[in-house]
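J.: let's see this in three dimensions:
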Amino acid sequence: MKEIFTLKPNCGHESYYDYELNPQKIIAITGGWHNETSKNEIGQELLAEIPIVGEKYKISIFGGLKIDVSHNFWVIYFDPYFSFYSDEGIESMRFCLCSKTKILEIGEKKAILEVEILEVTKLIPCETKEFDKETKTLPQSIMYCNIENFKNYSVLQIDIQGDLGWNYIIKKKDKKSTIIAKNYWDFHQDMWFQCNEDITEEQEITLGITH
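T.: Predicted coordinates for the structure are as follows:
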């Protein structure tokens with residue numbers, strides 16, 4: 001039986017992302033993670049340990065999102081106590097395949113679910129060839145962007161007038177750079193996509209990626 005609900009975005013508009021599980025591609029929603037030791041008022045304490053397959057957790061998800069929770073769905077996890085803009089923060093990130101076990105609360109803009117973890121996947125490293133290389137993940141032309149360079153990763157931020165943008169996580173190894181995940185955000189959605197696209201030396205120079 002379908003269990004579909006639609007969460008409104010905070011901006012008050014009616015737009016939403018219509019989420020469907022893609023068997024060919026990992027696409028994950030953004031959510032807050034909590035375990036059984038979390039305080040009664042959910043959101044007071046966030047999960048600081050990587051989710052484990054077979055365990056159950058509480059997650060809070062936000063609008064604008066339309067989702068059928070009778071089907072499995074991916075949720076991105078990263079340690080909330082590490083800065084996202086750091087090697088440690090990126091290393092903690094996982095794509096987690098979830099199965100809904102209980103609907104704990106549904107509001108206009110937020111839902112709280114209990115889920116069981118079916119699969120946990122790291123951000124794909126450069127040498128992994130689990131799926132074909134992609135092309136044209138980056139926009140054809142980039143006018144406004146910011147690059148943060150770390151030891152093992154770089155984070156590219158593309159912000160379009162403050163209304164929407166992309167974050168790209170770039171793995172650096174053996175003087176080569178590969179986009180391993182991208183995040184699209186706007187007033188209505190906040191989605192993560194698994195990627196596997198090599199960046200050319202010319203693109204590295206243009207974007208300011210350093211090794």
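J.: Glu3 and Pro80: what is the separation?
T.: Using C-beta to C-beta, to the nearest Å, we find Glu3 at a distance of 27 Å from Pro80. In this view, the C-beta of every residue, glycine as well, is placed from N, C-alpha and C.
J.: who touches the longest helix along the chain?
T.: Longest helix in the chain by number of residues (criterion: DSSP state H): helix 201-207. Outside helix 201-207, the residues within contact range by C-beta atoms under 8 Å, 6 or more residues apart in numbering are Leu138, Ile142, Cys145, Ile147, Leu156, Ser177, Ile199, Ile209.
J.: give me that answer again for 6 Å
T.: Under the criterion C-beta atoms under 6 Å, 6 or more residues apart in numbering, residues Ile147, Ser177 lie in contact with helix 201-207.
J.: how distant is whichever strand or helix holds Ile76 from the center of its chain?
T.: Secondary structure assigned from DSSP states H and E places Ile76 in strand 73-77. When distances are taken as C-alpha atoms, centre = their mean, to the nearest Å, strand 73-77 is centred 7 Å away from the chain's centroid.
J.: list the strands paired with that strand, with their directions.
T.: With DSSP bridges as the test, strand 73-77 is paired with strand 27-34 (parallel), strand 94-106 (antiparallel).
J.: pLDDT on it, on average?
T.: Throughout strand 73-77, pLDDT has a mean value of 96.
J.: following the chain past that strand, name the next helix or strand.
T.: With elements assigned by DSSP H and E, the helix or strand that comes after strand 73-77 is helix 87-91.
J.: what residues sit buried inside stretch 20-29?
T.: For stretch 20-29, burial by neighbour count (16 or more other C-beta atoms under 10 Å) applies to Ile26, Ile27, Ala28, Ile29.
J.: give me the low-pLDDT residue ranges for the chain?
T.: 1, 11-14, 36-44, 125-137, 139-143, 161-162, 187-188 (pLDDT under 70).
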